[in-house]
Structure formats: C-alpha cells, structure tokens
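1. just coords:
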C-alpha cells in the first residue's frame, strides 16, 4: 500500500501585482529545497507506523461519513467524482484512477491510498486580518457555492496528528472582494464599513486527530490571481477570554487551490458570473507555479460533489504536513477589535516565509459569538 501517492508542497512564491504588497521571495530556494528533502524523508517513514496507518484510516472513514451526511443525493447513488491530481497544472483534474466512473464507490475517493500531504511554506498575501473569530461557519450569508473545507495537520517528524493547532483561513467572496480590509485594490476602496466585515474569515482548533473544518463558499476571482484560499497555522497559541487568539508561533503559511474544471463550472453560476474581471487560469498563476515547481507538490484540494451539480455544494479536504518547530513572520492589513476593524500601518506589506518573529494572531480581537 502506498500511503503517500502525492507529497504536496506549498512553496515560496512570487505573486501577481493585482493586490500590491506581495514580495518575490524566490531567493529562499535553498531553504525551500532543504525543507522539501527533510519532509519527504520524514513522511516516507510514516507509512511504516501502524499508528499512522490507523490515523489515515480514521480520516478516510470520517471524511466519507461527513460527505455522506451532507450529500444531496440518495445514499445508494454515491459521489460523482473526486480529484486525484496527476499533474497540478496541465490537466482537467478529473480522476486519473484506473477504471473510475461516475458510479464508482466513494471508498475509491476517500481511501488512504490517495492521501495528500502538503509540506508548505509560502506567502501570506496582503490581506491577512488579526483577531478574527474562532468559529467553524464563516459564510456570514455571503452568496455562492457552499463548501465544507476539511484539513488534517500531521507533524512531519513524528507522523502524529497535531492537536490544538489553530487553522486560520480566508478567501475573497464570489465577486473577488476580501472582507475585513479597506484598500483601493480590493472592491470599493472608499468603503470603510468593509473593515467590520468578517465574512469568509475565521479560525478553528484541530482535534485529537489533527482535524479542523470550515463551512464557507467557493472563492471568486480577481485580477492576476487564480482562485485560491489563504492559510496560516498557529502553534502554541492561547485563547483569550473574549474568544480570540494570542501568542504562539506561525508554523505554516500558504495558499490552497481548486481544480480548473471545477472553477469553470462555478464561475458560470451567479453571482460569480457577474464578475467581469478576466479569470487567471491555474496554469498562468505564478504562485501556483512556484508552489508546484517540485514534482511532488500539489496544493490543490481534493473534493467530491454533494449533489448532481456544483450548485449543490462541495466537500473538499487536504492533509497538511507541518514542521512544528518552524516559526515564520506574517504581516497583516488590519486587526479586528472589540470596536470593529482597524487598518494597520502594515497594510500592503508583504508576508513571507523567512525565519522571524512568532507572529501570532493578536490579542485584541472582537468579542461576541464565535
């Protein structure tokens, strides 16, 4: 049994100029390659451990159960298809598993044989907001295709799940605008009320199996970038009495992507189709290209359709390998406080994956439901 059919690596990337403040951090190539070698050597040994095989089996069963419960078709119909990436860029990302059809059992897609390990260090982008809510549903009534996004974090040195890691995610809405920030390159730059908008942002702690999950919507697009989700992983952070996070270190910075064929289907739907900005394909995205320059790298989310079409929603997942001893700095565009969002003097500054301060997520976040 080959548990690691794909070693996914989110690399250090240069980003298109659609949103200012990105920095070309390709100069860290030597650091990245060293990390990749270490990750591959570490993860290759995980399959030898019975405890890790049992963990992967539990993950497969759990994902299959969640997707079945959320499916909008009868139980005996199964799922349409999942993505099994053979190459990240130049493919439709339909399943390449031999003999797979629309009638194949979901066991094919959720088995531990198609486990996907992401070994990242990438770029945070210009619109990270500190102090966001700890919550699992980040939709906030934003219109779009519903997505359940499931991530499992594994310690690359011990092969064990990472419990109490805080999974921090954010993405733009269906028409390409980020909440929580005020910037001329992001929707209406005169709209200060967007600073108080928390949609499609949030944090979740991982459980004993290293799992955290969000309900969100499929991201839209904006100029110069392919469809993507931003990710930060916080280790050793403390939850304050107001339910926000402080301290700890950032052990992971990166971006996740979706299959191009899936993006095309979603973008044909309203309100995505109302966005007249040209779509940047995965094949033309410099971030994705940098993150997949290693042949083992695949930062694209696995998925199944929960109904007959994408309109019925998706269940997507990925497993992320983390070096828990790593500590990276990340700049932020704004902070969500008890009085609302406040722009930062760091707005537009580049976050990068070079060694630095622990970062954390701030300690003056908003109070209220989480």
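-> Cool, the structure landed. All values reported here derive from a predicted model rather than from experimental measurement.
2. neighbours around residue 224, how many?
-> By the criterion of other Cβ atoms under 10 Å, residue 224 has 18 neighbours. Where you see a C-beta, it was placed from the backbone N, CA and C, and this is true even at glycine.
3. pretty sure it sits against residue 279.
-> No - counting by Cβ atoms under 8 Å, residue 279 is not a contact partner of residue 224; they are 10.5 Å apart.
4. residue 290 belongs to a helix?
-> Yes - judged by DSSP: H, G, I helix; E, B strand; the rest coil, residue 290 forms part of a helix.
5. tell me the pLDDT of it.
-> At residue 290, the model reports a pLDDT of 76.
6. where along the chain do the helices fall?
-> 29-44, 50-70, 106-110, 260-267, 286-291 (DSSP state H).
7. and residue 265, how far from residue 53?
-> 35 Å (Cβ to Cβ, to the nearest Å).
8. residue 254 too?
-> 26 Å.
9. if you count what's nearby, which of these two comes out ahead?
-> residue 254 (28 against 16).
10. just the pLDDT for residue 215.
-> Looking at residue 215, the pLDDT reads 96.
11. which residue packs closest to it, ignoring adjacent ones?
-> Nearest non-adjacent residue to residue 215, counting by Cβ to Cβ, 6 or more residues apart in numbering: residue 137, 4.5 Å away.
12. before we move on, back to that, which one of the helices of the chain has the lowest average pLDDT?
-> Of all the helices of the chain, mean pLDDT reaches its minimum on helix 106-110 (a mean of 45).
13. show me where pLDDT drops low in the chain?
-> 1-45, 47-48, 66-68, 70-122, 294-297, 345-370 (pLDDT under 70).
14. if we go to 80?
-> Along the chain, segments meeting pLDDT under 80 span 1-123, 243, 290-298, 344-370.
15. thinking again about what came up before, isn't the residue nearest to residue 215 up against residue 214?
-> Yes - the criterion here is Cβ under 8 Å, and residue 137 meets it with residue 214 at 7.4 Å.
16. quick one: which of the two has more around it?
-> Ranked by neighbour count (other Cβ under 10 Å), residue 137 and residue 214 place residue 214 first, with 23 against 12.
17. tell me what the residue nearest to the more buried one when sequence neighbours are not counted is bridged to.
-> Leaving aside its sequence neighbours, residue 214 sits nearest to residue 149 (Cβ to Cβ, 6+ apart; 4.8 Å). Here residue 149 sits in beta bridges with residue 214, residue 316, as judged by DSSP bridges.
18. next: residue 256.
-> So, taking DSSP bridges as the rule, residue 256 has residue 229 as bridge partners.
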